[in-house]
Each structure stands twice: as structure tokens, then as C-alpha cells.
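[1] sequence isn't available, so here's the structure alone:
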Ligand SMILES: [Cu+2]
């Protein structure tokens, strides 16, 4: 009878202490996890940066082009070269296909450049919507906005790389032009 009261008090005190510890530990655990999360995010972005720097640099600019920085011996040599400038247009429903239908097309789809040299694509997109120059193997994905803009590509390895437009277009032919070189697809050749 007389022991129950102090026992309860002890219990209550113990419980309060326990709760306090849980809260403190919980906070610490959350803080540690939050810290880890930030660290992981940082690590991921560093990895992403490293990966993209190993890949081909794509600088999308409108108006005056800025020089892209390259790494490696070949890039240093090629960086001394002036940029390769190619002017072209996107004209919807402009190019007659083997199916006798006029398809959406780029006026040029073959781009030749030296390894490490900046390729300046001055594209006048006369269409109302966006198109793209996408080359998964090069890590290139340029969204070509309506109007005249300059887009830069630096290819860091020799080869002939296919590109295509990934933004649904050429509606009259269910996107046929998107899979056909000379229309909404083509090649970037780096030597
Ligand atoms: Cu397109």
C-alpha cells in the first residue's frame, strides 16, 4: 500500500527520462540521416559532373556563342581551331519523301567536325514548336526552340554518330521524318 506511490513516481520519472532519451536519440538519428542524405546528394552530383565531363559537352546558347572548354590532348589542339559554324533551318512540311508526302525537315542533317572542336549550329527553327537534336550515344540532347539560336556541341571522340528528333513531329506521316536521315535525323561525324 505504502510502496506503490514512490514506485509510480519512479516509473513516471523513468518514463519521462526514457521519452527524453528517445526524443534526443531520434533527433540525432534524423540529423545523421539528413546529413547522409545531403552527403549522398553531393556525391551523386559529383559523380554526375564527372560523368558529364567525360562525355561530350553540349552548350546551348542563343545569340553569341561562348567557347566550350575541352579536356585532353586532342581537345587542346582542336580548341585552337575556330569553331565549325553550320547554318541551317527547320522547315515544317518542306521535304518530299519517297511516299510523295512533304515532311518536316532540317535543311542540313550531316554535321562534320574535328574531335574537340566546337560545332556551332546556327539553327533557324521556322516551326511554331520545338524540335531536337538528340544523340544518346554522344549524350547530346539539344532542344531547338523556334527562332534563330546557336547551339554548341563538342564531340570528344572520333566516329559517326546518329542523331534524331525526339519531339513528336511530322504529324502528317506519324513521325516518319523522325527516323529518317535527311529529314528529322542525321549524323554528326567527328574526325
Ligand atoms: Cu522534329
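    Noted; the coordinates are in hand. Worth saying up front: this structure is predicted, and the values here are computed from it rather than measured.

[2] every contact and neighbour count from this point should use C-alpha atoms.
    Will do.

[3] so how many other residues sit close to the closest residue to residue 183 other than its chain neighbours?
    Spatial nearest neighbour of residue 183, chain neighbours left out: residue 105 (4.2 Å); criterion: CA to CA, 6 or more residues apart in numbering. For residue 105, the count of nearby residues is 27 (other CA atoms under 10 Å).

[4] wait, residue 105 touches residue 176, no?
    No - using CA atoms under 8 Å, residue 105 is not in contact with residue 176; the gap is 10.7 Å.

[5] if we can go back for a sec, contacts for the helix or strand in which the residue nearest to residue 183 is found, please.
    Secondary structure from DSSP states H and E places residue 105 in strand 102-106. With contact meaning CA atoms under 8 Å, 6 or more residues apart in numbering, strand 102-106 is reached by 88-97, 169-170, 172-173, 177, 182-184.

[6] among the residues you listed, name the ones in strands.
    Cross-referencing the contacts of strand 102-106 against strands under DSSP state E gives 88-96.

[7] which among those residues end up buried?
    By neighbour count, with 16 or more other CA atoms under 10 Å, the ones in strands among the contacts of strand 102-106 hold 88-92, 95 as buried.

[8] can you list those residues in JSON lines and add pLDDT?
    Listed next are those as JSON lines, based on pLDDT from 0 to 100:
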{"residue": "88", "pLDDT": "98"}
{"residue": "89", "pLDDT": "98"}
{"residue": "90", "pLDDT": "98"}
{"residue": "91", "pLDDT": "98"}
{"residue": "92", "pLDDT": "98"}
{"residue": "95", "pLDDT": "98"}
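
[9] make CSV out of the ones in strands among the contacts of strand 102-106 and add distance to the ion.
    Output for those, formatted as CSV (distance: CA to the ion, whole Å):
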residue, distance to the ion
88, 14
89, 12
90, 8
91, 10
92, 9
93, 11
94, 12
95, 13
96, 15
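
[10] widest-spaced pair of the residues you listed?
    88 and 96 (17.7 Å; CA to CA).

[11] just to revisit the earlier point, what is the subsequent helix or strand relative to the strand holding residue 105?
    From strand 102-106, the next helix or strand downstream (DSSP H and E) is strand 110-113.

[12] I'd like the average pLDDT over that next one.
    Average pLDDT, strand 110-113: 98.

[13] what's it in contact with?
    With CA under 8 Å, 6+ apart, strand 110-113 has contacts from 84, 86, 119, 155, 182, 186-191.
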